[in-house]
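Q: Build me a structure from this.
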Amino acid sequence: MDFIQLDKNSSEQLYLQIRRILLKAIREQDLLPGQRIPSVTELSDLTHVARMTVRQALQVLIDEGWLYTVPGKGTFVSESPRIEQNLQYLSGWTEEISAQGMVPSTRVISLNVLPADKMVANRLGVPVGTRVYCLVRVRLADNFPVSLEKTHLCCDAFPGLDKMIDQNPSLYHILREKYQAYPIRALQFIEAGEADGVTATLLEIPVGKAVMTSERITYDANGRQIEYTIGVTRAGFLRYKTELSANSATVREFIVKS
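A: Model prediction:
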């Protein structure tokens with residue numbers, strides 16, 4: 001565990017440093033679910049701090065659910081908490097995370113007005129050069145950075161939106177309440193990818209780390225494209241859920257042949 005380097009001159013208490021370093025290792029999967037971590041004595045020898053300090057750090061992680069103990073065997077890494085996204089329903093980040101008992105938050109990185117390039121214009125169904133908001137945000141669950149989103153919306157459709165983003169973290173809430181634009185359905189594409197430098201910095205992961213990338217075009221009740229979002233999510237933290245059914249014609253054919 002060479003990654004445990006403590007700064008004994010820091011104002012941060014030693015047990016909190018140990019907790020922070022171990023938690024970072026768990027989140028970055030240097031310590032894997034089910035893996036046994038060194039004992040209190042081993043960690044004490046490794047860090048050159050008192051066993052009581054190490055024990056205090058581990059207890060915090062146990063209380064938070066990141067570690068668990070097995071009597072006579074040691075302390076192990078818990079299964080990482082995951083967000084389950086139901087692909088059958090369209091919901092915003094705030095609603096989705098709150099429904100799973102976690103605290104959602106958003107960090108706005110930038111909000112600019114730009115002319116739509118060919119791709120953005122195509123996704124929003126507007127002419128190239130149309131003025132659009134470009135909103136870049138990091139989405140967090142329990143203060144843990146989970147995804148990076150770049151969202152585009154037409155300025156003419158949502159005048160003054162840029163002044164409301166800081167007032168309410170839920171974009172969908174703003175669209176519904178302020179503009180009577182109700183997101184009804186979305187077309188979404190999901191694939192695997194790797195974190196580039198910007199993504200790695202904002203999501204606090206190594207460059208090249210596996211991520212899930214997505215594109216989503218959201219429509220209102222009138223069939224109008226109201227939002228285009230490109231998202232990058234930490235791999236291993238988000239689990240997708242959907243329900244599949246057989247094509248009715250295929251089922252009928254199977255029944256007849258049977």
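
Q: Enumerate every residue touching the closest residue to Val108 other than its chain neighbours.
A: Using Cβ to Cβ, 6 or more residues apart in numbering and skipping the chain neighbours, the partner closest in space to Val108 is Arg137 (5.4 Å). The way it works is simple: take the backbone N, C-alpha and C, and place the C-beta from them, glycine included. With contact set as Cβ atoms under 8 Å, 6 or more residues apart in numbering, Arg137 has these partners: 106-109, 148-149, 151.

Q: The same query, at a cut-off of 10 Å, please.
A: 93, 106-111, 147-151, 165, 169, 171, 202, 229, 231 (Cβ atoms under 10 Å, 6 or more residues apart in numbering).

Q: just Ile26 next, same as before
A: 32-33, 35, 37, 61, 66-67, 77-78, 80.

Q: What remains of the residues you listed if I keep only buried residues?
A: Taking 16 or more other Cβ atoms under 10 Å as the criterion, what is buried in those is 37, 61, 66-67, 77.

Q: Arg137 is in what secondary structure piece?
A: strand 131-141 (DSSP states H and E).

Q: Please name the strands paired to whichever helix or strand comes after that strand in the sheet, noting orientation.
A: Next in sequence after strand 131-141, counting helices and strands by DSSP H and E, comes strand 144-154. Strand pairing for strand 144-154, determined by DSSP bridges: strand 131-141 (antiparallel), strand 225-234 (antiparallel).

Q: and the following helix or strand past the last one, how far from the chain's centre?
A: Pointing back at strand 225-234 there. Going down the chain from strand 225-234, the next helix or strand is strand 238-241, by DSSP H and E. Here strand 238-241 is found 11 Å from its chain centre; the criterion is Cα atoms, centre = their mean, to the nearest Å.

Q: Ok, stretch 191-206 next?
A: Centre to centre, stretch against its chain (Cα atoms, centre = their mean), the figure for stretch 191-206 is 12 Å.

Q: And the residue lying closest to Gln17 once chain neighbours are set aside, how far from Ala25?
A: What sits nearest to Gln17 in space, not counting adjacent residues and going by Cβ to Cβ, 6+ apart, is Leu6, at 5.1 Å. According to Cβ to Cβ, to the nearest Å, Leu6 and Ala25 sit 14 Å apart.

Q: ditto for Leu124
A: Relative to Ala25, and taking Cβ to Cβ, Leu124 is found at 41 Å.

Q: out of these two, which sits in the more crowded spot?
A: Using other Cβ atoms under 10 Å, the more surrounded residue of Leu124 and Ala25 is Leu124, with 22 against 18.

Q: Report the contact partners of the closest residue to that one other than its chain neighbours.
A: Spatially, and ignoring its direct neighbours in sequence, Leu124 is nearest to Gln225 (4.9 Å; Cβ to Cβ, 6+ apart). Neighbouring residues of Gln225 by Cβ under 10 Å, 6+ apart: 122-126, 152-154, 157, 186-187, 217-219.

Q: quick one: which of the residues you listed is most hemmed in?
A: Neighbour max across the contacts of Gln225 (other Cβ under 10 Å) = Thr218, 26 neighbours.

Q: what lines up beside the helix or strand hosting that residue in the sheet?
A: Using DSSP H and E, Thr218 sits within strand 210-219. Looking at strand 210-219 with DSSP bridges, its partner strands are strand 185-194 (antiparallel), strand 225-234 (antiparallel).

Q: Who are the packing partners of the helix or strand that the first one is followed by?
A: Spelled out, it's strand 185-194. Downstream of strand 185-194, the next assigned helix or strand under DSSP H and E is helix 197-203. The contact analysis (3 or more Cβ pairs under 10 Å, 6 or more residues apart in numbering; DSSP states H and E) places helix 197-203 against strand 104-115, strand 131-141, strand 144-154, strand 210-219, strand 225-234.
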